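Chemist: Please work out how this folds:
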Amino acid sequence: MLAILFFAVSGVQAKEKKAVYIIIDGVPADMIERLDLPAIKEIASEGAYSRIYVGGTKGGYDETPTISAVGYTDLLTSTWVNKHNVWGNSNLHPNYNYWTVFRIAKEQKKDFKTGIFSSWTDNRTVLLGEGKPETGNLKIDYVRDGYDLDTLTYPKKPNGLHILDLDERVSDEAAKCIREDAPDLSWVYLWYTDDAGHVYGNGDVFDESVVKADRQIGKVWDAVKYREANFNEEWMIVVTTDHGRTDDGFHHGGQSDRERVTWVATNRKVNERLLGGSSSILDIAPSISRFLGFKIPRDILWEQDGMPFIGKVDIMDMRVVPVGNNVDLRWKSVNGKARVNVWAATGNNFKEGGKDIWIKVGTVRSGTGAFTVDLSKLPDSKFYKFVLEAPHNHLNRWYVIK
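Modeler: Numbering: from 1, shown residues only. Reported below is the predicted structural model:
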């Protein structure tokens, strides 16, 4: 009773949690690991650095182009292109039924404030779908974007050097807004590294562009540290990229190892998912959502193909293996005692904005690592969705009969 009275009188409150993620465009993991990048290294020293991947399953139903806007949307929705429908950088038609982490933030009971800092307006108006009925008329609270349209202030320079000026403005605006206004969830996008790669390929200029991006990241990181030192706040910062590059550094879009292998750095302690080496860009949004305490409707959550790399998890690395007229669902167990509910759906109404009919087909201990589904006991179909539901995370995969 005395302890309760003490805390009530002293007014001790839990720290308010906030998150920011930064995408530096088109930087493969080997460059991050080779160069001296003080900001990224300091962030990782407080949490973790790891290689991750993009591009979906090579040769699978979810194989995804290693292209910029595609990668941003992978992160935003925690889905691959077979769901979110963003196939390139132009003629974009996102499927807004797969909610972005920004829409999830705005659907919470608490009024979460959001911010975006980017040269491209399409990141906000198209990928996030701000103001569209399909996104629930999503509204971003702090907007600093569209600088590439201001050709008077930022006239074009040879070899894309004006883009470096845009990134300076973006990082300055992001750092200033975080220091002064501290949005609960922010996205910072830095562009020049990708352009340097396209113009120069591997070499000193591309290397220096990454070093400069690290300095810009440092400004945002300094703002985060300022908030934590002067306010009752706890921050998660995530730094990543959207895709790697071909071996010569000039191109991307394909499925080569260097195009698929990317990376993430965060100041938060991580779990077996990131340490196990099988994490992807899809795991970032679920991790941020968990850190911020978001409540996500089941139908939205079960469509996410990623899983959190912070906090407790029970299962990971789900596979679907055909065995005669049945399928084996297999996974790696993290918590062998966890109970795993197995669900199946034989349609994809969700894609069109409808509701799927989920059938519970069994329950098993995580430690078994496998469950056999008798397809004859399900409605006849050429398409199946499976979800493994454990106490601390879920996994999902499709099975398509050709």
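
Chemist: all helices for this structure, in order.
Modeler: Listed in chain order, the helices of the chain (DSSP state H) span 2-10, 29-34, 38-46, 68-77, 81-84, 101-106, 122, 161-180, 192-200, 204-230, 257-260, 272-275, 284-292, 298-301.

Chemist: neighbours of residue 291, just the number please.
Modeler: 21 (other C-beta atoms under 10 Å). For the C-beta atoms, the positions are set from N, CA and C on the backbone; glycine is no exception.

Chemist: so how far is residue 105 from residue 361?
Modeler: The gap separating residue 361 from residue 105 is 33 Å, by C-beta to C-beta, to the nearest Å.

Chemist: which of the two has more neighbours?
Modeler: Just comparing residue 361 and residue 105: by other C-beta under 10 Å the higher neighbour count belongs to residue 105, 24 against 18.

Chemist: May I have the residues that are in contact with the residue lying closest to the more buried one once chain neighbours are set aside?
Modeler: Once flanking residues are discounted, residue 105 sits nearest to residue 112: 4.3 Å by C-beta to C-beta, 6 or more residues apart in numbering. By C-beta atoms under 8 Å, 6 or more residues apart in numbering, the residues touching residue 112 are 105, 106, 184, 185, 292.

Chemist: Closest one of those residues to residue 256?
Modeler: Of all those, residue 256 sits closest to residue 185, with 33.0 Å by C-beta to C-beta.

Chemist: Could I get the contacting residues of that closest one?
Modeler: For residue 185, the contacting residues are 18, 19, 20, 101, 102, 105, 112, 113, 114, 115, 288, 292, by C-beta under 8 Å, 6+ apart.

Chemist: give me the number of residues near the residue nearest to the fourth one when sequence neighbours are not counted?
Modeler: Leaving out its chain neighbours, the residue that sits closest to residue 101 by C-beta to C-beta, 6+ apart is residue 285, at 4.2 Å. Per other C-beta under 10 Å, the neighbour tally for residue 285 reads 26.

Chemist: Could you check how far residue 285 is from residue 192?
Modeler: Going from residue 285 to residue 192 by C-beta to C-beta gives 25 Å.

Chemist: Same question for residue 114.
Modeler: Applying C-beta to C-beta, the value for residue 114 to residue 192 is 24 Å.

Chemist: Which of those two has more residues huddled nearby?
Modeler: The neighbour count for residue 114 versus residue 192, taken as other C-beta under 10 Å, is higher for residue 192 (26 against 22).

Chemist: Surely that one touches residue 160?
Modeler: Yes - Residue 192 is within contact range of residue 160, at 7.2 Å (criterion: C-beta atoms under 8 Å).

Chemist: Contact partners for the nearest residue to residue 218 once chain neighbours are set aside?
Modeler: Once flanking residues are discounted, residue 218 sits nearest to residue 39: 3.7 Å by C-beta to C-beta, 6+ apart. Counting by C-beta under 8 Å, 6+ apart, residue 39 makes contact with 214, 215, 217, 218, 221.

Chemist: Now the buried members of these.
Modeler: Neighbour-count burial (16 or more other C-beta atoms under 10 Å) applied to the contacts of residue 39 gives 214, 217, 218, 221.

Chemist: Pick out whichever of these sits closest to residue 281.
Modeler: Checking those against residue 281 by C-beta to C-beta gives residue 217 as the nearest, at 17.4 Å.

Chemist: gap between the closest one and residue 95?
Modeler: 31 Å.

Chemist: show me where the stretch 301-402 of the chain has strands.
Modeler: 315-323, 326-333, 339-345, 359-365, 370-374, 383-389, 394-400 (DSSP state E, counting those that start in this stretch).

Chemist: Check which helices and strands the third one sits against.
Modeler: Strand 339-345 is packed against strand 359-365, strand 370-374, strand 383-389, with contacts defined by 3 or more C-beta pairs under 8 Å, 6 or more residues apart in numbering; DSSP states H and E.

Chemist: 10 Å instead?
Modeler: Packing contacts for strand 339-345, counted by 3 or more C-beta pairs under 10 Å, 6 or more residues apart in numbering; DSSP states H and E, involve strand 326-333, strand 359-365, strand 370-374, strand 383-389, strand 394-400.
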